[in-house]
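In: Structure of the sequence below:
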Amino acid sequence: MSQDAPQDPGNNDNPLFQQFFQAGQSMAQGFAAFFQQQGGQFPQMQMPQIPQMPQIPQMPDLSQILPPSMQYSKEVLEELKALHEELVAKRAKLWESMLAKSMGKETDFQVLPETGDRRFSSADWSSNLMFDFIRQNYLLHSKYVMEAVEKLPVEDDRAKEKLRFSARQYVDALSPANFAATNPEFVRTALETGGKSITNGINNMIADLTRGRITMSDESVFEVGRNLAITEGQVVFENELTQLIQYAPRSEKVAKRPLLIVPPCINKYYILDLQPENSWVRYVLEQGHTVFLISWKNPGQEHGHLGWNDFLEQGPLTAIRVVQNITRQKQLDLLGFCVGGTMLASALAVLAGRGEKPAATLTLLTTMLDFSDTGDIKLFIDEQFLATKEATIGKGGLLRAMELQNTFNMLRPNDLIWNYVTSNYLKGQTPAPFDILYWNADSTNLPGPFACWYMRNMYFNNYLRIPGKLEMCGVRVDLGKLDMPVYLLASREDHIVPWHTAYQSTRLLGGEKRFVLGASGHIAGVINPAVKNKRSYWTNSNLIADAQEWLDTAEEHKGSWWSDWAAWIAAHGEGEKPAPKTFGNATYKPIEPAPGRYVKERVV
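Out: Presented below is the predicted three-dimensional model:
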């Protein structure tokens, strides 16, 4: 970063940010005063009088108000001044459009939200003149903030991305939809319910403060083992970190090779076994596979010393040996999801270094092996953050579930924070029951040594992609030695594993590869039941192309990628055999019915 660049441009105390929104505040206050004059009644479209337009502040002399560490060149100041003048002109047009509307006239000027922004979808935001102004005034200033950010001379890409992220968090938090006085849906709901919605909202907020998190789903509807994770099976092995579930077959004949699933250890495995109609596990069973799945324990203080190697040894490495023993099959079909895929690929690289090749096929769902671009998550993981975590929990302790949950929610604040502030607290609504959001709230701790090693070596240093750079379980790992057929799935709108980053796995693995891009995000892109035939997915056999070229020439298919995967793995099969009639074997006997104890342990 140049010496002229700001030291902390993302700080919300930045006078630039304050100036951006203070400039339009007096105009909104004029409309609020008018609302008070109406005696507290919900204002109608036809207004008897429009308050006089307040004087628009001039662009301040930034060279006088900014500290020396935040001084900008003359060229930058001129660009900011021009941007401010454009804002002034658009504000004048907005005011004129409000005057025209008040007199029943049509107007062409309108400030529109970004595509997909649902905060102002209620008709009250546009049909009511006062709130229409508040909405458009906010959108106008929000765009001004984000455009001004792009003008600032931040040479370091990471610092610029932090600035963008901070600015976006700032403008999202200041949305008029988040405040009672400026949200027409709050006003209307309060009037329609005689104030009961306000009482309900306060009670909802108190309940969430007690539990320490925002409620996103009606949690009274769901229970793991009652209507979630109910696919029949038995726990056939357990250690201090995992339980291994073997599921009951759902066909008379099954593929000769069993399938072992390694889910992420962040949150719970039952994202892959929600309700029967959207259970990936059930779907795979119905395709004629014998399915085993790892259920990770929710770590407590007694597990705070465990590191990356412990998770590999007690997780996929042990599970592979147990499944081989139970099924008497040397080679398995293996599937990993998210960080579970990263751990599975790492474990297979360890085995390859030992001369073992237990995987006949490998499926990786929304998994990163190359961490060159991790999206907004990388903005949280810098040297200062890592040094702090390593000093506090790197040798023992826990990265708490609440911290992980809050971090992921901040990546999509309008969907995962402010949406519920508006509906739960302002409008006093009870969230609708939604199994995926129930699962999303069921977060897990991570042992400090595991988390610190993972963040530094994967996210920060991106060492996994370099052959021989990392030592795991006594072996220098090389992903290029994984020469089995691989099915790679990414999701086009994934904010946790950007699809173009997942695509880089095609450059690292040594075997035949099929890359498939699904629609939607990190979870919804994976959990897309074939029977519903929703969304779409893209395929392209040209893996020499870069990610964007691959997409530009890819073929779109309507429906779920599940059917594509089923056809792919069937094509790599070795025939069928009668379905097993018992769980486990003499060495690994059933311990308890699925879903087991570990998945039911909650910490949030």
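In: quick one: Lys589 and Val235 touch, right?
Out: No: here Lys589 lies out of contact with Val235, judged by CB atoms under 8 Å, at a distance of 10.2 Å. Yep, even glycine has a C-beta here, placed from its N, CA and C like the rest.
In: Look at these two and report which has more neighbours.
Out: Val235 (24 against 12; other CB atoms under 10 Å).
In: Surely Asn298 is in a strand?
Out: No: Asn298 sits outside any strand when classified using DSSP: H, G, I helix; E, B strand; the rest coil, being coil.
In: what's the burial count for the closest residue to it other than its chain neighbours?
Out: Distance criterion CB to CB, 6 or more residues apart in numbering; nearest residue to Asn298, sequence neighbours excluded, is Glu601 at 4.3 Å. Counted with other CB under 10 Å, the neighbours of Glu601 add up to 15.
In: Settle this for me: Glu601 is touching Ser295, isn't it.
Out: No: using CB under 8 Å, Glu601 makes no contact with Ser295, being 10.4 Å away.
In: looking only at pLDDT, what's the mean for the biggest helix by length in the chain?
Out: Secondary structure of the chain per DSSP state H: the longest helix is helix 74-102. Over the span of helix 74-102, the pLDDT mean works out to 89.
In: Off-centre distance for it?
Out: Counting by CA atoms, centre = their mean, to the nearest Å, helix 74-102 is centred 35 Å from the centre of its parent chain.
In: following that helix, which helix or strand shows up next?
Out: Counting by DSSP states H and E, the element after helix 74-102 in chain order, helix or strand, is helix 124-127.
In: The host helix or strand of Ala207 packs against which elements?
Out: Following DSSP H and E, one finds Ala207 within helix 196-211. In this structure, helix 196-211 packs against helix 184-192, with contacts taken as 3 or more CB pairs under 8 Å, 6 or more residues apart in numbering; DSSP states H and E.
In: So what touches the helix it packs on?
Out: 42, 122, 124-125, 128, 131, 177, 180, 197-198, 422, 426-428 (CB atoms under 8 Å, 6 or more residues apart in numbering).
In: Of those residues, grab the buried ones for ChimeraX.
Out: Command for ChimeraX that selects the buried part of the contacts of helix 184-192, burial taken from 16 or more other CB atoms under 10 Å:
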select :42,122,124,125,128,131,177,197,198,422,426,427,428
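In: And the contacts of helix 184-192, which is closest to Glu286?
Out: Closest approach to Glu286 among the contacts of helix 184-192 (CB to CB): Thr422, at 40.1 Å.
In: How about the contacts made by that closest one?
Out: 119, 177-178, 183, 185-186.
In: what do you get for Val475?
Out: So, once contact is read as CB under 8 Å, 6+ apart, Val475 ends up touching 349-350, 353-354.
In: Dihedrals phi and psi, it?
Out: Taking degrees, to the nearest 10, you get phi -130, psi 140 for the backbone angles of Val475.
In: Same question for Gly194.
Out: The phi/psi pair for Gly194 (degrees, to the nearest 10) is phi 60, psi 30.
In: before we move on, back to that, please state the mean pLDDT value computed over the helix holding Ala207.
Out: For helix 196-211, the mean per-residue pLDDT is 94.
In: Dump that helix to PDB, restricted to CA.
Out: Provided in PDB are the C-alpha atoms of helix 196-211 (Å, rounded to 0.1, in the frame of the first residue of the first chain):
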ATOM      1  CA  LYS A 196     -49.100  -6.700  19.500                       C
ATOM      2  CA  SER A 197     -46.300  -7.000  16.800                       C
ATOM      3  CA  ILE A 198     -44.200  -4.600  18.800                       C
ATOM      4  CA  THR A 199     -44.600  -6.700  22.000                       C
ATOM      5  CA  ASN A 200     -43.900  -9.900  20.000                       C
ATOM      6  CA  GLY A 201     -40.800  -8.300  18.500                       C
ATOM      7  CA  ILE A 202     -39.400  -7.300  21.900                       C
ATOM      8  CA  ASN A 203     -40.000 -10.800  23.200                       C
ATOM      9  CA  ASN A 204     -38.300 -12.300  20.200                       C
ATOM     10  CA  MET A 205     -35.300 -10.100  20.700                       C
ATOM     11  CA  ILE A 206     -35.100 -11.000  24.400                       C
ATOM     12  CA  ALA A 207     -35.300 -14.700  23.600                       C
ATOM     13  CA  ASP A 208     -32.500 -14.300  21.000                       C
ATOM     14  CA  LEU A 209     -30.300 -12.300  23.500                       C
ATOM     15  CA  THR A 210     -30.700 -15.100  25.900                       C
ATOM     16  CA  ARG A 211     -29.600 -17.800  23.400                       C
END
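In: Done for today, thanks.
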